[in-house]
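Novice: I would like to see how this sequence folds:
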Amino acid sequence: MSQLNVTKIQHETGVGDNITLDTSGNVEVAGNLEVTGTSDLNGDVDVDGDVDVDGDIVASGDVQMASLNGSALSGFRNQLINGDFRIWQRGTSFTATSGTGSYTADRWFVRAFGGTTTTTRFPVPSTSPFAYGLKINNTATAYLRQAIELSVTGQSNPVAPGATYTLSVGLQTGSGTATVTGSYGFADDIDFANTPSSVTTSTETITTTYQRLEFPVTIPSDVAATNSCFVLQLQFSANTDIRVFDVQLEPGPVATPFEHRPIATELALCQRYYQKINGQQFFYCDTTDPGSETTRRLSSNRAVTMRAKPTEEATFNPAGAAIGFLGKESLISAYVTGQNKSTSCGIIDYTADAEL
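Specialist: Okay, the predicted model is just below:
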C-alpha cells in the first residue's frame, strides 16, 4: 500500500495553500470541497461558509448551527395559524356572494368576487398526516386570506422588511384545472385597507394531481403608521372543487416540511382572535338581598386573552332580557337587568370576535 506524506497541497499554478494537513489529521480546505461519492468523517467538521449537499447527511454525533434556513432551528417556523385547517370553531360550511366574505376555518377569510363561493371542511384520507383540508367551490374568483398580527401597529415585526420568506401550499382539484396567484402586503385589516403596496407572485396551474407549490415572498419595506397586520392572499379562478392543504409561510428561501403543532397549542393561537362557548352560562345575583335584586352578572376568566376588546354575541335566556357585555380581553363579563332572582337567566352559544 502506497503512502503520500505531505503537509500542503497546492494548485498547479502554485498560488496559495489549497489543502493543508496538520499532525493531528485535520484537513483545511481553502475553497469548495466537492464530493461525488461517500465521505466518512470520524472527527469534527468546522465549516465557515456554505455546504451544498444533493444527498443525505447522516451524523452520529451532535450537529451545531446558528440557524436553520435563516431562522429558528425548530418550533413555530410557520408564521400562519391553523395552516392545516384543524380548527373550525364557526362551523364547517360557509357561502359568500360577490363582494362579500367571512371567516371560515379559524384565521382563514374567504371573499367572493364576480360570483358565489362556498367554503367547506374537507376530510382527507386516513393515510394522510393531515385531518382536514379546505374546499372551495366558486363560480368566478375566490380569495383565501390570513392576516398575521404585527407586534406593534405601524412596525413590521414579526416579519422583517427585505427578508426572504417562502410560502408553500398543497393544492389539488377534484376535477378540471384552476389557477392560483399569491399576493401579500402590510395593511390595516384583512381586506387590505390602507396597504402601502401589494406584491403579486407568479400564477400557477392546479390539477387533479396533488402538488405542493412554493412561492418566494420578499417582505416589503413600506409599512403605514396604521397598519396592524401583514396579509397573505391566494386568489383562485373558477372551479367547483379546489382543495387546499397545509399552508406554511416560513423564513428563508427553502420550503421545509409542514410544521405540525399540538392541537391544544393551535386552538389557543386561534382563540386569541375568536372564541366560542357552546351550551349555557348562568348569571349570578349582584346583591345580597334575595328578595329585591334585579341585576345579575356573569364573570368568567377566558382560557386565552384576546387580541383586543372583542365583539360579543349570544342567545339570551329568557328571550328579550336586557343583557349587555363589557368587552374585556381577559374576562367574559356580562350583565342582565330586569330579571328577578327566581327567574332562570343565562346566555347560550356565546361568541367573541377580535379578528383583524
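
Novice: can you give me the strands in the stretch 251-356 of the chain?
Specialist: 274-282, 284-285, 295-301, 311-317, 322-325, 331-337, 346-353 (DSSP state E, counting those that start in this stretch).

Novice: Reformat those as a markdown table; add distance to Gln233, mean neighbour count and mean pLDDT.
Specialist: Quick note: C-beta positions are derived from backbone N, CA and C, even for glycine. What follows is these, written out as a markdown table (distance: least, Cβ to Cβ, whole Å; neighbours: other Cβ atoms under 10 Å; pLDDT from 0 to 100):
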| stretch | distance to Gln233 | mean neighbour count | mean pLDDT |
| --- | --- | --- | --- |
| strand 274-282 | 20 | 15 | 83 |
| strand 284-285 | 46 | 14 | 54 |
| strand 295-301 | 35 | 15 | 79 |
| strand 311-317 | 24 | 16 | 86 |
| strand 322-325 | 32 | 15 | 80 |
| strand 331-337 | 33 | 18 | 83 |
| strand 346-353 | 21 | 18 | 88 |
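
Novice: can you tell me which of those comes nearest to Glu250?
Specialist: When the strands of the stretch 251-356 of the chain are compared by Cβ to Cβ, strand 274-282 sits nearest Glu250, at 23.9 Å.

Novice: now the closest one against strand 295-301, angle please.
Specialist: Computed by axes from the mean of the first three to the mean of the last three Cα atoms, to 10 degrees, the angle separating strand 274-282 from strand 295-301 equals 140 degrees.

Novice: Could you give the average pLDDT over stretch 108-125?
Specialist: Mean per-residue pLDDT for stretch 108-125: 96.

Novice: Pull out the buried residues from that stretch.
Specialist: 108-113, 117-122, 124 (16 or more other Cβ atoms under 10 Å).

Novice: between these, which is closest to Arg272?
Specialist: Trp108 (14.8 Å).

Novice: So the nearest residue to the closest one once chain neighbours are set aside, which state does it fall into?
Specialist: Nearest residue to Trp108, sequence neighbours excluded (Cβ to Cβ, 6 or more residues apart in numbering): Gln146, at 5.8 Å. Put simply, Gln146 is strand when judged by DSSP: H, G, I helix; E, B strand; the rest coil.

Novice: so Gln146 bridges to which residues?
Specialist: Listed beta-bridge partners, Gln146: Leu232 (assigned using DSSP bridges).

Novice: If I look at it, what pLDDT would I see?
Specialist: As predicted, Gln146 sits at a pLDDT of 98.

Novice: Spit out the contact partners of it.
Specialist: By Cβ atoms under 8 Å, 6 or more residues apart in numbering, the contact set of Gln146 is 80-81, 107-109, 231-232, 247.

Novice: Please apply the same query to Gln248.
Specialist: Per Cβ under 8 Å, 6+ apart, neighbours of Gln248: 77-78, 80, 83, 167-169, 255-256, 258-259.

Novice: gap between Gly75 and Phe215?
Specialist: 23 Å (Cβ to Cβ, to the nearest Å).

Novice: likewise Thr181?
Specialist: 9 Å.

Novice: Likewise for Ala112?
Specialist: Taken as Cβ to Cβ, the span from Ala112 to Phe215 is 23 Å.

Novice: for Leu326, same thing?
Specialist: With Cβ to Cβ as the criterion, Leu326 and Phe215 are 43 Å apart.

Novice: From the buried residues of stretch 108-125, pick the one nearest Glu28.
Specialist: Nearest to Glu28 among these: Val124, at 50.7 Å, using Cβ to Cβ.

Novice: could you dump the strands of the stretch 251-356 of the chain to a markdown table with distance to Thr173?
Specialist: Formatted as a markdown table, the strands of the stretch 251-356 of the chain follow (distance: least, Cβ to Cβ, whole Å):
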| stretch | distance to Thr173 |
| --- | --- |
| strand 274-282 | 29 |
| strand 284-285 | 54 |
| strand 295-301 | 45 |
| strand 311-317 | 36 |
| strand 322-325 | 43 |
| strand 331-337 | 42 |
| strand 346-353 | 32 |
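
Novice: residue contacts, the most centrally placed residue in the chain?
Specialist: The centre of the chain sits closest to Leu80, judged by Cα atoms, centre = their mean, with a distance of 1.0 Å. By Cβ under 8 Å, 6+ apart, the contact list for Leu80 reads 107, 146, 148, 232, 247-249.

Novice: Tally up the residues packed near Ile206, please.
Specialist: Applying other Cβ atoms under 10 Å, we find 23 residues neighbouring Ile206.

Novice: Correct me if wrong: it contacts Ile242.
Specialist: Yes: using Cβ atoms under 8 Å as the test, Ile206 is close enough to Ile242 to be in contact (6.6 Å).
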